[in-house]
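Asker: Build me a model:
(chains A and B)
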Amino acid sequence: MKSNFKRYMRIQYISLVLPGLIIFTFGLIIPMFLAFRYSLTSWNGMTAEKPFVGLENYKNLLTDRHVRDAWIFTFKFTFYNTIIQNVFALIFAVALDSSIRGKRIYRTIIFLPCLISTIIVGFIWLKMFSNVLPAFNKLLGTNINFLLFGSGETVLNGLLIANNWQWIGYWMLIYLAGLQSIPEELYEAAKIDGATGWRRFINVTIPMLGPAFTICIVGITTGSLKVYDLMVSSTGGGPGRTSTSIIYHIYNTAITGRQYGYGSAMSISLVIVLLVIAVIQLRYLRRREVQL
Amino acid sequence: MKIKRSLVLLLVLTMVLSLFAACGSKDTSSNDSTNDSTNTDTSAENNTSTEEDNTEEVSSDDEKVTLSVLAGQSTTDAGIEDMIDEALAKKYPNITLEWECVDWGKDFQPKMQQYIQSGLPDIMVGKAQDIATYGSQGLLADLTGKDYLSNVLDEAIPGVTIDGKVYGIVYNALYQGVYYNRQIFEENNLEVPDTLEELQAIIDKLNSLNITPFATHFVDTWSIGNITMQFAINEVFSKTPDWGDKFRAGEVSFIDSPEYGRAYEYNKLVYDNTWKDETFSLEQTDCDARLVLGEAAMKVSGSWSIQNFLDIDENFDFGIFPFPNSTGDAKLIFEPNMTWMASATSEHLDAVDKVFEVLTGDKDLALEIFNYTKTSSMIKDVSPTYPNPSQKDIDKYVAEGRIIDANIGNNQLQWGGFQDENAKDIAAWLQGDITLEDALKAADSRRENSKP
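Answerer: Numbering: from 1, shown residues only, chains lettered A, B, ... in the order given. Modelled structure (predicted):
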């Protein structure tokens, strides 16, 4: 009877794990190993020959100015995005968790942009910055520079606006769910202890939102490091290369530029960076999470 | 515990096997397509036999054949699929085309790269310059001697021929140069310039009249790449037709070439006389609209803009002239555009031939396509009838023999990974991020990627 149950459980485990394992293996692990293999070649992506060049591509990565610039842009984009999105998502979540009138409508309005494809968001903001907002200048007789995508100095600001407009609502929902799962008794106890609203926020809300912080910070960071589609339809990585993210550069190098081997080396370096950042963040943030 | 261990073992085994599979170094799928085609001579024989085998298969009218088509389109081409489907259905109802339409500039090459690994579509539509890239690898079917080639203008054949074998059908052509608002020119007594000094005089006059001399949309990096190649064709390639080969051989370089330096500097001339603040934010449609509305007087562009011009104002009067070069003998640039190619490994080459026969033989279809795309015909006895105010200028340059094929440059310097990357450097230079020397040296540094 016992062994039958064990067998049943074993079959259940396998049937639950196997589909995911197969998809993960064929969709991620194998391509990653293939990419590593290609990164040791100077293959152009078209010919049958894949000349082996050893670690030459990795050496070149270290001295390539365009790779360095793409990483700098990506890190800046990630840094500002992580701060802005977390702060505003939390502010909106706290505001819309209160008894404010029409909060469901506000939640919907703030959440709506994340339902739009990022490619469309890029188009929307390209039009906003080049047509719609400058029209307000004419209407109001003002001279505000809305052409944020038009200069290397302002293109990052423009992309941050577009990206945050799209995603703040999404992360707001995560914080909102976190806020709603905090037991009311904790606030009541804090009140009895004489804690002010601000104190309750700092000493109860923030610690209890630990898991939500972990999800949001890791999600926004890794998402921003992988930004690509927003640039495709808005700046094309320009002006020049001033808004070229690392993924955009990898695509241009490997596919359009026919340097598949070199592009694969960039991809492997990206995976390593993503892994390192995610592990550091997870370790640090998990340690700070409060368990009830 | 045992299950966990088994799963871990399975995962590790798969990883190791995948590594070994990858280290096998020869990609069988790519070999299939590439090896077949690398040995062009043998593949030609194989193709003939495959063709023969397939002839019976599709010759029956009842036999349904679906051909996959990868269409790398220009902005003007979207929509011609329905016209072709309709014409094909009339003559060969058993043949169906399954279209995959992509932007030629952005997505055609990536798609081809993908399909080279997994198997090419039966038909591909690209540009004449693609023949040099894919025909030379033996990926394309040899069309030499096909009856339908006699429907194509003789001038269109050399550009798609490699080692005596024809690998494509050039269907239409574009003209490239400086489109100008004829009304502005006439009202201000401006004459079409032949020299740079004359062009400068026009620019000065327009500036004094508060008319922007050039309409530009540098947000599209391809437009910088395109106009740079226009400048280079008349400044560099018309004087040294094998400049690209010499460049790869190390005999010439961008930094040491005063001609290429000038071609780059013309970008600055245009940039200094356009809406500088807006050009990196402005899309092509908005830019073309401004030219039509008289906010700018000239635009370095190609026939792909005509569709926009006439959509905005069907009575817009415009002309075209070549951007002057330093020797005053610039020619109007002619670019063989939509080019039809067949896969060397297609199982339905007979059906592909029938599609090409309809395309080149159905004159009503050809006329409909040319009128829709506002392009010039490369099919014999078919002349588009759409109103093209610039046609009289084109006729004048043709009569004077002042026409040059864009492939003289495009067939020597690869677009993806070379020309487009150079265009990004030019944009960075125009924005003041790097110097002209940096931009020219950067082009030299990617010498290895320059071969189409």
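
Asker: which residues of the chain score low on pLDDT?
Answerer: Since you didn't name a chain, this refers to chain A. For chain A, the stretches with pLDDT under 70 are A:1-2, A:289-292.

Asker: Let me rephrase: I mean chain B.
Answerer: B:1-62.

Asker: do that again at 50, thanks
Answerer: B:19, B:21-60 (pLDDT under 50).

Asker: In CSV, list the C-alpha atoms belonging to stretch B:341-359.
Answerer: These are the backbone C-alpha positions of stretch B:341-359, laid out as CSV (Å, rounded to 0.1, in the frame of the first residue of the first chain):
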residue,chain,number,x,y,z
MET,B,341,14.8,35.2,-56.7
ALA,B,342,14.1,31.5,-56.4
SER,B,343,15.7,29.1,-53.9
ALA,B,344,18.1,26.6,-55.5
THR,B,345,16.6,23.9,-53.3
SER,B,346,13.0,24.6,-53.9
GLU,B,347,10.9,21.5,-54.6
HIS,B,348,8.6,23.5,-56.8
LEU,B,349,10.8,25.3,-59.3
ASP,B,350,8.4,24.6,-62.1
ALA,B,351,5.6,26.4,-60.2
VAL,B,352,8.1,29.2,-59.4
ASP,B,353,8.7,29.6,-63.1
LYS,B,354,5.0,29.9,-63.7
VAL,B,355,4.8,32.7,-61.1
PHE,B,356,7.7,34.5,-62.8
GLU,B,357,6.1,34.0,-66.1
VAL,B,358,2.9,35.7,-64.8
LEU,B,359,4.9,38.5,-63.2
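
Asker: All the helices of the stretch 51-200 of chain A, in order from the start?
Answerer: A:56-63, A:65-97, A:103-111, A:118-127, A:133-140, A:155-180, A:184-192, A:197-200 (DSSP state H, counting those that start in this stretch).

Asker: Make JSON lines from these and add distance to chain B and mean neighbour count to it.
Answerer: Just so you know, the C-beta spots here come from the backbone N, C-alpha and C atoms, and that holds for glycine as well. Listed next are the helices of the stretch 51-200 of chain A as JSON lines, based on distance: least, C-beta to the nearest C-beta, whole Å; neighbours: other C-beta atoms under 10 Å in any protein chain shown:
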{"stretch": "helix A:56-63", "distance to chain B": "11", "mean neighbour count": "15"}
{"stretch": "helix A:65-97", "distance to chain B": "9", "mean neighbour count": "18"}
{"stretch": "helix A:103-111", "distance to chain B": "27", "mean neighbour count": "14"}
{"stretch": "helix A:118-127", "distance to chain B": "7", "mean neighbour count": "18"}
{"stretch": "helix A:133-140", "distance to chain B": "8", "mean neighbour count": "12"}
{"stretch": "helix A:155-180", "distance to chain B": "8", "mean neighbour count": "20"}
{"stretch": "helix A:184-192", "distance to chain B": "38", "mean neighbour count": "12"}
{"stretch": "helix A:197-200", "distance to chain B": "43", "mean neighbour count": "12"}
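
Asker: Make TSV out of those and add distance to residue B:443.
Answerer: Below are the helices of the stretch 51-200 of chain A laid out as TSV (distance: least, C-beta to C-beta, whole Å):
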stretch	distance to residue B:443
helix A:56-63	18
helix A:65-97	13
helix A:103-111	47
helix A:118-127	28
helix A:133-140	34
helix A:155-180	24
helix A:184-192	65
helix A:197-200	59
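
Asker: Out of those, flag the one nearest residue A:43.
Answerer: Closest to residue A:43 of these is helix A:56-63 (C-beta to C-beta; 10.2 Å).

Asker: surely residue B:444 meets residue B:254?
Answerer: Yes: between residue B:444 and residue B:254 there is a contact at 5.1 Å, judged by C-beta atoms under 8 Å.

Asker: out of the helices of the stretch 51-200 of chain A, nearest to residue B:220?
Answerer: Closest among those, once you apply C-beta to C-beta, is helix A:118-127, at 11.2 Å.

Asker: What is that closest one packed up against?
Answerer: Packing partners of helix A:118-127 (3 or more C-beta pairs under 8 Å, 6 or more residues apart in numbering or on different chains; DSSP states H and E): helix A:155-180, helix A:229-233.

Asker: who touches that helix?
Answerer: A:113, A:116, A:149, A:158, A:161-163, A:165-166, A:229-235, B:219, B:281, B:283 (C-beta atoms under 8 Å, 6 or more residues apart in numbering or on different chains).

Asker: hmm, try it at 10 Å
Answerer: A:113-114, A:116-117, A:132-133, A:148-149, A:158-159, A:161-163, A:165-167, A:227-236, B:219, B:281-283, B:286 (C-beta atoms under 10 Å, 6 or more residues apart in numbering or on different chains).

Asker: Point to the residue nearest the middle of the chain.
Answerer: Unless you meant another one, I'm taking chain A. Centroid-nearest residue in chain A: residue A:223, 1.6 Å away (criterion: C-alpha atoms, centre = their mean).

Asker: wrong one, I was asking about chain B
Answerer: residue B:127 (4.4 Å).

Asker: and it, what does it touch?
Answerer: By C-beta under 10 Å, 6+ apart, the neighbours of residue B:127 are B:72, B:74, B:104-105, B:108, B:133, B:159, B:168, B:170, B:174, B:335-339, B:406-407, B:410, B:415.

Asker: do the same with residue B:72
Answerer: When contacts are counted by C-beta under 10 Å, 6+ apart, residue B:72 touches B:100-109, B:111-112, B:124-127, B:130, B:338-339.

Asker: bridging residues for it?
Answerer: residue B:102 (DSSP bridges).

Asker: mind checking how far it is from chain A?
Answerer: Between residue B:72 and chain A the distance is 13 Å, computed by C-beta to the nearest C-beta, to the nearest Å.

Asker: Now, of the contacts of helix A:118-127, which are buried?
Answerer: Among the contacts of helix A:118-127, those classed as buried by 16 or more other C-beta atoms under 10 Å in any protein chain shown are A:113-114, A:133, A:148-149, A:158-159, A:162-163, A:165-167, A:227, A:229-236, B:219, B:281-283, B:286.

Asker: Angles on the backbone of residue B:301, please.
Answerer: For residue B:301, the backbone dihedrals are phi -160, psi -160 (criterion: degrees, to the nearest 10).
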